[in-house]
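S.K.: just coords:
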């Protein structure tokens, strides 16, 4: 809906870290946005970007923590199986107790 026959039908703004703000006004009688408003919008978008990056880092940290915990649990299971096999002299013996964690 932003484009008509050979013309733009809706105003828009593009914010760039390097180039600043680009404003396209369709209605020549409409007042352009104030610099203070555009600066406020740009700062709000930058804060949202930083928050998004922080959330991505937190998710990555949680995934690494989950994988490390899973690796530790698998090592405990392997050691328990090896210990049970050594006690019974059987390679297929299962341990008496087995701890399993389930994650969503």
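M.R.: All right, it came through fine. Because the structure is predicted, anything quoted here is derived from the model rather than measured.
S.K.: When you work out contacts or count neighbours from here on, use the C-alpha atoms and nothing else.
M.R.: Fine.
S.K.: Surely residue 15 forms part of a strand?
M.R.: Yes: checked against DSSP: H, G, I helix; E, B strand; the rest coil, residue 15 lies within a strand.
S.K.: quick one, what contacts it?
M.R.: By Cα atoms under 8 Å, 6 or more residues apart in numbering, the residues touching residue 15 are 21-22, 42.
S.K.: what pLDDT does it get?
M.R.: At residue 15, the pLDDT value in this model is 84.
S.K.: measure the nearest residue to residue 42 once chain neighbours are set aside to residue 50 for me?
M.R.: Spatial nearest neighbour of residue 42, excluding adjacent residues (Cα to Cα, 6 or more residues apart in numbering): residue 15 at 6.5 Å. As judged by Cα to Cα, to the nearest Å, residue 15 and residue 50 stand 15 Å apart.
S.K.: again with residue 71
M.R.: 32 Å.
S.K.: quick one on the thing from earlier: make TSV from the contacts of residue 15 and add secondary structure, distance to residue 88 and pLDDT to it.
M.R.: What follows is those, written out as TSV (DSSP: H, G, I helix; E, B strand; the rest coil; distance: Cα to Cα, whole Å; pLDDT from 0 to 100):
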residue	secondary structure	distance to residue 88	pLDDT
21	strand	74	81
22	strand	76	81
42	helix	69	88
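S.K.: list the buried ones in stretch 62-70?
M.R.: For stretch 62-70, burial by neighbour count (16 or more other Cα atoms under 10 Å) applies to residue 70.
S.K.: Determine how far it lies from the middle of the whole chain.
M.R.: 16 Å (Cα atoms, centre = their mean, to the nearest Å).
S.K.: Kindly report the same for stretch 67-81.
M.R.: Counting by Cα atoms, centre = their mean, stretch 67-81 is centred 27 Å from the centre of its parent chain.
S.K.: Buried residues in that stretch, which are they?
M.R.: For stretch 67-81, by 16+ other Cα under 10 Å, it's 70, 73, 77, 80-81.
S.K.: can you redo those residues as a markdown table with secondary structure, distance to residue 31 and pLDDT?
M.R.: Conversion of the buried residues of stretch 67-81 to a markdown table gives the following (three-state DSSP; distance: Cα to Cα, whole Å; pLDDT from 0 to 100):
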| residue | secondary structure | distance to residue 31 | pLDDT |
| --- | --- | --- | --- |
| 70 | helix | 59 | 93 |
| 73 | helix | 64 | 91 |
| 77 | helix | 70 | 86 |
| 80 | helix | 74 | 84 |
| 81 | helix | 75 | 80 |
